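Chemist: sequence below, structure please.
(one chain, ligands or ions: 1)
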Amino acid sequence: MERILSGIKPTGQLTLGNYIGALKNFSKVQYEGETFIFIADLHALTLPIDPEVLRNNSRDVAAYYIAAGLDPKHTTIFLQSDNPSHSELAIILQNYLYMGELSRMTQFKDKSQKMKEEAIGLGLFAYPVLMASDIVIYDAKRIPVGEDQVQHVELARDLVKRFNNRYGDVLVMPKAEMVKVGARIMSLSDPTKKMSKSDPKGDIYLSDSLEVMRKKIMSAVTDMGREIKYDVENKPGISNLMTILSSLTGKSFQEIENEFVGKGYGDFKRAVADAVINEMTPFKARYEEVIKSGEIDKILADGASRARKVSELTLKRVQKAIGLYNK
Ligand code: AQP
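Modeler: The predicted model follows:
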């Protein structure tokens, strides 16, 4: 059985983008392999975060995983910080990725852009090293991610190639995979920018009430004209809303265009809001149940112990291959 691995950083309120590009897909693919889904709490430290916020967000991400349908009996759900093998492997693998390639990563450039150089943490720069370790430590082949994380998986592939060229067939080659529709949901206030947890405007947060979600969709930025047409260049706002509608209902862009011939933006936005609310109503109810059930800590503890068993074997294999004494 192939291993599938992914994670989400508990850096802020998860968005509809995280739901469509990641969460919903995780629960869809989980039974296609041996699946590991973690809460990337060490990655969340790469930018300043309040300890209490980090703790609460971490619990929330776990609850959202289960609410989205991840099955803890099948899928290993755990906190990254509960498995020290990730960090141990990162210390080794950092020697096989180079400053030049790390400095070319889009996420690093975006996040460090407005910072003074002396304030940019080493962790932010080395983020892809830890991410490569998260992946290869489980011999994971399939990495379901949104579009923004593909570049990091590509770098992990470069690392595996480099490492294996030197030491033989030690690491398993991973591959990023994205949902067909919705791998990059854009901001509702600026549809040329990705919908992001760290952007206070233009996001639909999974924690928003259903009424707030509807209001945000009804006031989403749209484009000139009144035609409902998928055209990212000339109609980025409508195209983004069509992507949301398509990913939640399974309707193709053509079907949506046909359905709204002769209708205006108002009718279309109402349909998008209905689809989001339809999806979010049971999801949010399930989230509340999970939080109340008190089952999260046990799921995370069981997950961590399963994860550690698997990753210790890879770590040993790597240590032995590179010549660490007595491994
Ligand atoms: N807008 C999006 N559309 C589709 N997929 C998305 N993802 C994120 N935003 C969208 C995917 O969600 C997974 C988890 O994301 P992450 O927590 O690892 O990091 P991020 O979402 O890339 O970070 P943000 O939202 O910019 O917020 P910060 O950096 O502040 O935490 C990933 O698979 C991601 O692709």
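
Chemist: number of nearby residues for residue 296?
Modeler: Residue 296 has 19 neighbours, counted by other C-beta atoms under 10 Å. Any C-beta I mention is one placed from the backbone N, CA and C, and that applies to glycine too.

Chemist: quick check: the residue found closest to it once you drop the neighbours it is linked to in the chain vs the ligand, distance?
Modeler: Leaving aside its chain neighbours, residue 296 sits nearest to residue 62 (5.0 Å; criterion: C-beta to C-beta, 6 or more residues apart in numbering). Look at residue 62 and the ligand: by C-beta to the nearest ligand atom, to the nearest Å, they are 14 Å apart.

Chemist: neighbours around residue 154, how many?
Modeler: Residue 154 has 15 nearby residues by other C-beta under 10 Å.

Chemist: which residue is the nearest non-sequential neighbour of residue 2?
Modeler: Per C-beta to C-beta, 6+ apart, closest to residue 2 is residue 33, 4.3 Å.

Chemist: torsion angles phi and psi at the one you found?
Modeler: Main-chain dihedrals, residue 33, degrees, to the nearest 10: phi -170, psi -160.

Chemist: my read: it touches residue 26, true?
Modeler: No - counting by C-beta atoms under 8 Å, residue 33 stays clear of residue 26, with 11.7 Å between them.

Chemist: so where do the helices sit in the stretch 1-150 of the chain?
Modeler: 16-18, 24-29, 51-67, 85-93, 99-103, 106-112, 122-125, 127-136, 150-167 (DSSP state H, counting those that start in this stretch).

Chemist: turn the ones you listed into CSV, including mean pLDDT.
Modeler: Converted to CSV, those look like this (pLDDT from 0 to 100):
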stretch, mean pLDDT
helix 16-18, 97
helix 24-29, 97
helix 51-67, 98
helix 85-93, 98
helix 99-103, 97
helix 106-112, 94
helix 122-125, 96
helix 127-136, 98
helix 150-167, 98
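
Chemist: let's have these in CSV, adding distance to residue 189.
Modeler: Converted to CSV, the helices of the stretch 1-150 of the chain look like this (distance: least, C-beta to C-beta, whole Å):
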stretch, distance to residue 189
helix 16-18, 13
helix 24-29, 23
helix 51-67, 23
helix 85-93, 36
helix 99-103, 30
helix 106-112, 18
helix 122-125, 26
helix 127-136, 27
helix 150-167, 25
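
Chemist: of all those helices, which one is nearest residue 286?
Modeler: Nearest to residue 286 among the helices of the stretch 1-150 of the chain is helix 51-67; the distance by C-beta to C-beta comes to 4.1 Å.

Chemist: what comes up buried for that closest one?
Modeler: By neighbour count, and taking 16 or more other C-beta atoms under 10 Å as the criterion, the buried residues in helix 51-67 are 54, 57-67.

Chemist: wait, which of the residues you listed is closest to the ligand?
Modeler: Nearest to the ligand among the buried residues of helix 51-67 is residue 61, at 8.4 Å by C-beta to the nearest ligand atom.

Chemist: returning to that earlier point: for residue 9, see how far away the residue nearest to residue 296 is.
Modeler: Look at residue 62 and residue 9: by C-beta to C-beta, to the nearest Å, they are 13 Å apart.

Chemist: same check on residue 216?
Modeler: 23 Å.

Chemist: who has more neighbours, the two?
Modeler: Per other C-beta under 10 Å, whichever of residue 216 and residue 9 has more neighbours is residue 9, with 25 against 20.

Chemist: give me the phi and psi angles of the more buried one.
Modeler: Main-chain dihedrals, residue 9, degrees, to the nearest 10: phi -80, psi 130.

Chemist: now do the contacts for the residue of the stretch 201-327 of the chain found nearest the ligand.
Modeler: Going by C-beta to the nearest ligand atom, the ligand is nearest to residue 203 of the stretch 201-327 of the chain, at 8.6 Å. Counting by C-beta atoms under 8 Å, 6 or more residues apart in numbering, residue 203 makes contact with 13, 15-17, 187-188, 195-197.

Chemist: the strands in the stretch 151-300 of the chain, which residues?
Modeler: Applying DSSP state E, counting those that start in this stretch to the stretch 151-300 of the chain gives strands spanning 175-177.

Chemist: what segments of it are helices?
Modeler: Counting by DSSP H, counting those that start in this stretch, the helices of the stretch 151-300 of the chain are 210-218, 236-249, 253-259, 265-293, 296-322.
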